[in-house]
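Chemist: sequence first, predicted coordinates after that:
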Amino acid sequence: MKNYYKILEIESYADSSTIKKAYRRLALKYHPDQNKAFDAAAKFIEITEAYEVLTEPIKKSEFDKLYQTKDDCNDHLNYKQKQWEDYGKSKANEYSNLPFDELAQKIFKGVKVGISFMPNLLAILFTIGIGMGFLAILPTFTGQPIFIIMLLAASIGAFFLSYKLYNTAKSDYNNTKNNS
């Protein structure tokens, strides 16, 4: 059985972000328009197959379970491996028919969307910092309950605003990502 983690040159505990980064790096390296080595096309197919399985949670979970048992006589394992290979080959064929520049643009579209939300992240961090600042100066007002109550209320308000900003940014990010 193929080790998709090894194919993508990552550890078996890699998260989806690491998997995507590894695929981007290898797909750009082995794309048939970019790499004229005799084994580049086969390598491109193999990394696309690995990527397509490991980025889909259900397939990844199934792969992880089957790979741990690794019983090559297991008909289910062989069936799944063949299914994943066929799917990977079809996706690799689709991607290899794209001009290299178009593939690179498609691969980095998600990165561009993420970068466009950097101001949202900064606003969230800023409001968290304000809340933490209010809590940090709280001990200087011992014996003055009205100031303590005001600082606690301001801290809670800042944290609540951070939470609302985060949920809004998350929703907007997912909508933008799905629409692009």
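Modeler: Happy to help now that I have it. Numbering: from 1, shown residues only.

Chemist: remind me which residues of the protein are low pLDDT?
Modeler: Scanning the chain for pLDDT under 70 picks out the ranges 70-77, 110, 180.

Chemist: can you pull out the helices in the protein?
Modeler: Assigned by DSSP state H, the chain shows helices spanning 4-7, 16-30, 40-54, 57-69, 75-96, 100-116, 118-137, 145-179.

Chemist: which one of the ones you listed is the most hemmed in?
Modeler: Across the helices of the chain, averaging neighbours per residue (mean count of other C-beta atoms under 10 Å) puts helix 40-54 on top, at a mean of 21. The way it works is simple: take the backbone N, C-alpha and C, and place the C-beta from them, glycine included.

Chemist: what does it contact?
Modeler: 2, 4-5, 7-8, 14, 19-20, 23, 26-27, 30-32, 35, 59-60, 63, 84-85, 87-89, 91-93, 95-96 (C-beta atoms under 8 Å, 6 or more residues apart in numbering).

Chemist: what angle do that helix and helix 16-30 make?
Modeler: Angle of helix 40-54 versus helix 16-30, following axes from the mean of the first three to the mean of the last three C-alpha atoms, to 10 degrees, is 170 degrees.

Chemist: next, the angle from helix 40-54 to helix 75-96.
Modeler: Using the same axes, to 10 degrees: helix 40-54 against helix 75-96 is 120 degrees.
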